[in-house]
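Chemist: Need coordinates for the below:
(2 chains)
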Amino acid sequence: MDPVSILLGGLASGMVLFIVSVGLSVTMGLMGFVNLAHGGFAMLGGYAIVLVMRHWGLGFLPALALAFVAVAAFSVVLERLLYARLYRASELDQVLFTIGLVFVMTATVTLSIGPETQVVQLPDWLRGQTDLGFIKYRTYSLALIAAGTALVIALWLGFERTRFGARIRAAVDNRRMAQSLGVDVGRLFAVTFAIGSGLAAVGGGLGAEILGLDPNYPLRYLVYFLIVVSVGGLGRVAGVFYAALLIGVLDFVLKIYFPKGGTLFIYVLALLLLLWRPQGLFGKRGA
Amino acid sequence: MTAARQLAERHRFRWWELLPWIAGIAVFFAFPNYLSFGTQVLITILFALSLDLVLGYAGIVTLGHAAFFGVGAYTVGMMAMHWGWNEPLSGLVAAALVAGAIGLASGWVLLRTQGLTLLMLTLCTMTLLEQAANMGAAWTGGFDGMPGLSFGKILGLFGFDALYFRSQYLYVLAVLFFCFVIVRMLVYSSFGQSLTGIRENLLRMHAVGAPVRARQVLAYTVSAALAGVAGALFTQANGYVNLAVLGLERAAGVLIVLILGGYGRLYGAFVGAIAYMVLEHLLAKAYPTAWQLGIGLTLMAVALYARNGILGLGDALRRRLGAGGTR
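Modeler: Purely as a prediction, here's the structure:
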């Protein structure tokens, strides 16, 4: 494969990683909550998309929108009822609770839908190849790159240019101070949690082509999402974006050149990076 | 009983501490057809006990403890496979040394960090070892692992019994007893006291001049060596080793066992392993998915309502009945 195709393929999978992980980064940055069940929301989103397209005959884009809304609503119910009780609990309790939640999600999906891998049917306009002038490449990968880029710009604007974004940034940097200034961090967190889970749902559907979709999805990719978030730095949208692209491209390249041990290097890299900068490549020191 | 007397006497053996061992020997005579299962339970108890030392006493939250179990299991397996070294007891010592060395090296580096970073680093270390075992197929058998390993007689007297696990059961029970005595002594020594101090109040322990990091690294190393022994017992008793010994599922599983029983209290590992594995044995084969659902719901409930596990519930019950719980 030529370098440009490899780069494009890597960027496409990096975008999927970004779309799924960005919500996790912001919610962990806000509350310091170790949420290992985030990949579960991505899986639920993927299944929602597959099911409504199959049974209700919905188009791809309406299905994505529906999955976003449905998973966001579901997650905020979980957040208010269960997660909120554990914000002051130890990391251990949070880890246990969210691992338990992953098991419940996996088992529920296996029981109600079945253990087999699901395929997301792409519409015709996303299939085949597109001629970029200098290279022909898979339309879907190019669409993923475009969607991811649009999303990061939208999120950046939302974070840097709106009042809501300013509140989130303030709360990530210093929760107590933000609270004393009258920011309702609990509500802020619920809204962010819903948006983040909704985005994960969209990412689960968009990424089914690349990552696959079956009941073991949340556990299989748990380490990947966590690596992206911790390398990017907690609560940093731009950091997660760079980290996701870096890991997506590296993973893609290594899988082509070292098909047997490619993933090994990702873990070595993550280990070294975290030892060198425990707050992540793009995180603030002492945050 | 006054608090001072309670503190001064808490390291003494109490009569009920004999019960688990009597029960262990009774099982050998009462359930001769379940000794294979019993052996797995005993190995899990030892593994959970090693985790209790770091998690329950030193307060180090790790997601990658199966790394050391796996290192011990592979050490014994590779020695038997490539060098024909199949003497069991020296195998255990070798597994403890190798796992302890890796625990020392990784603990030295990783324990500078804490919280989420530490969780991630322990997880990455374990996944790294898993990938390495998967890749080094010439040495480790790769994805298929090493099936059909055979080991020599224990002390040159008792051969392993692949069908009924009679000698394996007693062998593992004896090793568990030996390791338990070590852990019990450690926990009630001044070293164990300072670990508890570090768990309860890190800053204050720094302030009183305790060598916090050295203590944590030492606890991590000892725990890694014990987990390595548990892994070595797994390979020796079952006669095989594969990638499953290193996975996230085993690491999460032992965490669940310990939390279910109650951490930071020595006997939590026993109660948790028996409760978890008996349930699993009864339910998992018939309804594997329902089992996963049940374990998930149990975990969520434990995290939300019963943070001290089964033994903690027992304490709460006794306190409510007015007998006064001891910990």
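Chemist: Sketch out the low-pLDDT regions of chain B for me.
Modeler: Residues of chain B meeting the criterion pLDDT under 70: B:1, B:162-163, B:322-327.
Chemist: what are the ranges of the strands in the stretch 1-150 of chain A?
Modeler: Here the stretch 1-150 of chain A has its strands, by DSSP state E, counting those that start in this stretch, at A:129-131, A:136-138.
Chemist: Packing partners of the last one?
Modeler: It refers to strand A:136-138. On a contact count with 3 or more CB pairs under 8 Å, 6 or more residues apart in numbering or on different chains; DSSP states H and E, strand A:136-138 meets strand A:129-131. C-beta coordinates here come from the backbone N, C-alpha and C atoms, glycine included.
Chemist: residues in contact with the strand it packs on?
Modeler: Contact with strand A:129-131 is made by A:136-139, A:142, as judged by CB atoms under 8 Å, 6 or more residues apart in numbering or on different chains.
Chemist: same check, this time on stretch A:181-197
Modeler: Counting by CB under 8 Å, 6+ apart, A:22-24, A:26-27, A:30-31, A:38, A:41, A:71-76, A:79-80, A:83-84, A:164, A:167-168, A:170-171, A:175, A:178-179 sit against stretch A:181-197.
Chemist: that older thread, just the strands of the stretch 1-150 of chain A: most buried one?
Modeler: Counting by mean count of other CB atoms under 10 Å in any protein chain shown, strand A:136-138 has the highest mean neighbour count of the strands of the stretch 1-150 of chain A, with a mean of 16.
Chemist: Adjacent strands (with direction) for that strand?
Modeler: strand A:129-131 (antiparallel) (DSSP bridges).
Chemist: Distance from the chain centre to the partner strand, please.
Modeler: 27 Å (CA atoms, centre = their mean, to the nearest Å).
Chemist: Name the SS class of the spatially most central residue of chain B, please.
Modeler: The centroid of chain B falls nearest to B:Phe47 when counting by CA atoms, centre = their mean (1.6 Å). Here B:Phe47 is helix, with the state taken from DSSP: H, G, I helix; E, B strand; the rest coil.
Chemist: tell me the contacts of it?
Modeler: So B:Phe47 contacts B:65, B:69, B:227, B:230-231, B:254 (CB under 8 Å, 6+ apart).
Chemist: quick one: the helices in the stretch 1-150 of chain B?
Modeler: Assigned helices in the stretch 1-150 of chain B, in chain order: B:3-9, B:19-30, B:35-51, B:66-82, B:88-110, B:115-135, B:137-140 (criterion: DSSP state H, counting those that start in this stretch).
Chemist: Alpha carbons only: can I get the fifth one in PDB?
Modeler: Just to be clear, that refers to helix B:88-110. Output of helix B:88-110 as PDB, limited to C-alpha atoms (Å, rounded to 0.1, in the frame of the first residue of the first chain):
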ATOM      1  CA  PRO B  88       7.100 -29.100  41.500                       C
ATOM      2  CA  LEU B  89       8.400 -27.400  44.700                       C
ATOM      3  CA  SER B  90      11.500 -25.900  43.000                       C
ATOM      4  CA  GLY B  91       9.100 -24.800  40.200                       C
ATOM      5  CA  LEU B  92       7.000 -22.900  42.800                       C
ATOM      6  CA  VAL B  93      10.200 -21.200  44.100                       C
ATOM      7  CA  ALA B  94      11.200 -20.200  40.600                       C
ATOM      8  CA  ALA B  95       7.700 -18.900  39.800                       C
ATOM      9  CA  ALA B  96       7.800 -16.800  43.000                       C
ATOM     10  CA  LEU B  97      11.200 -15.400  42.200                       C
ATOM     11  CA  VAL B  98      10.300 -14.500  38.600                       C
ATOM     12  CA  ALA B  99       6.900 -13.000  39.400                       C
ATOM     13  CA  GLY B 100       8.400 -11.200  42.400                       C
ATOM     14  CA  ALA B 101      11.200  -9.800  40.200                       C
ATOM     15  CA  ILE B 102       8.700  -8.500  37.700                       C
ATOM     16  CA  GLY B 103       6.600  -7.100  40.500                       C
ATOM     17  CA  LEU B 104       9.600  -5.300  41.900                       C
ATOM     18  CA  ALA B 105      10.600  -3.900  38.600                       C
ATOM     19  CA  SER B 106       7.100  -2.800  37.600                       C
ATOM     20  CA  GLY B 107       6.100  -1.600  41.100                       C
ATOM     21  CA  TRP B 108       9.300   0.400  41.300                       C
ATOM     22  CA  VAL B 109       8.300   2.300  38.100                       C
ATOM     23  CA  LEU B 110       4.500   2.300  38.300                       C
END
